[in-house]
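Chemist: predicted model and sequence follow; I will ask about them next.
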Amino acid sequence: MALSLVLGLVYILAVPTSAHTRTVTGSNTERSTTLWTSSPRNDLQGRMFSMMTNSVVTFSVPGTPQDQDIYGFTVCFRMIAETMSQYNRPVTILTMTMSNSVIFTLRALPFKYELLVSGGESKLFSPVVPMFVKSSFPWTSLCATWDSATGMTQMWKDGKMSVRKCMGRSQKFYGTPVVTLSGFEGQVTDIHVWDKALPFSSLRAYLKGQCYSPGNLLSWRDISYTSRSYVVLEDAYPMQRGPAEEGHSGQQRRRRKQWKHGQPCNGSPGGASQ
């Protein structure tokens, strides 16, 4: 009896495990769905991750990236999530590390965000100043910018910006970015990191879902990822200007659709240079 149990245990331990994968394809109403634990290199244009409450997804530069000095950055991504107003404390939704050290943290609160740049104190940002009309429905597009020379840090949400505040002035970072998302249940797509605080025109192009240059530090078009807990990789929802609205004549008119995920931009897949 004891020998049988030992042999059975040896057999179980000897059987290799594999990630569970499921793919569904078909008509336009069906979606391609794959469950992954990790993938070394991907072009994720036109794809999104559906994250659950305890999901954690980490994105990094594929291959053997070349480290460099960083004197500024812009981090942008899009998400669909239910309100976080039920939380009475900040919820960390994004962290960025370089050389195994956390250099940037983004936390969500009701109606505002808390940003922390390494070497400085955290500050609250409220992107409430309207600059242009949102046109990336159903996605919420978020960007955070930081410049070392001035310390100026700013938060953008769709077509609204926060005031600029000074954080981490004269700091210098070294390495390549590793971005981790967690803390919410919903969808995420289009993660990019640039090596400077982008100008208004470039931020506007990304936030409105227009043609933009992909991140030169981390790009959704060439990215590696690993996930913990239950995460689903599937086709992304296309961006549109919004629901139908009434014109001056009282008749409903449909807003023109925006550039779609995966659609070439000025002949250059993944976004045109600005």
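Modeler: Perfect, thanks for sending it.

Chemist: just the helices in the stretch 151-274 of the chain please.
Modeler: When secondary structure is read from DSSP state H, counting those that start in this stretch, the stretch 151-274 of the chain shows helices at 200-207.

Chemist: ignoring the adjacent residues along the chain, who's closest to residue 155?
Modeler: Take residue 155 and drop its neighbours on the chain: the residue closest to it by Cβ to Cβ, 6 or more residues apart in numbering is residue 125, 3.8 Å away. C-beta here means a position set from N, CA and C on the backbone, and glycine is covered the same way.

Chemist: same check on residue 146?
Modeler: Distances taken as Cβ to Cβ, 6+ apart put residue 153 closest to residue 146, at 4.8 Å, once the chain neighbours are dropped.

Chemist: same question, residue 193
Modeler: Leaving out its chain neighbours, the residue that sits closest to residue 193 by Cβ to Cβ, 6+ apart is residue 218, at 3.9 Å.

Chemist: same question for residue 237.
Modeler: Residue 237's closest residue in space is residue 138 (Cβ to Cβ, 6+ apart), at 5.8 Å.

Chemist: residues touching that neighbour, list them.
Modeler: Residues touching residue 138, when contacts are defined by Cβ atoms under 8 Å, 6 or more residues apart in numbering, comprise 80, 237, 240.

Chemist: picking that back up, so the residue nearest to residue 193 versus residue 152, what's the distance?
Modeler: Look at residue 218 and residue 152: by Cβ to Cβ, to the nearest Å, they are 22 Å apart.

Chemist: which one's more surrounded, the two?
Modeler: Remark: of residue 218 and residue 152, residue 218 carries more neighbours, 26 against 16, as counted by other Cβ atoms under 10 Å.

Chemist: give the contact list for residue 114.
Modeler: Contacts here follow Cβ under 8 Å, 6+ apart; on that basis residue 114 touches 90, 105-108, 122-125.

Chemist: thinking again about what came up before, dump the contacts of residue 138 into TSV; add neighbour count as well.
Modeler: Formatted as TSV, the entries for the contacts of residue 138 read as follows, by neighbours: other Cβ atoms under 10 Å:
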residue	neighbour count
80	17
237	17
240	18
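
Chemist: looking at these, spot the one nearest residue 142.
Modeler: Residue 142 lies nearest to residue 80 out of the contacts of residue 138, by Cβ to Cβ, at 11.6 Å.

Chemist: three-state assignment of that closest one?
Modeler: Recorded secondary structure, residue 80: strand (DSSP: H, G, I helix; E, B strand; the rest coil).
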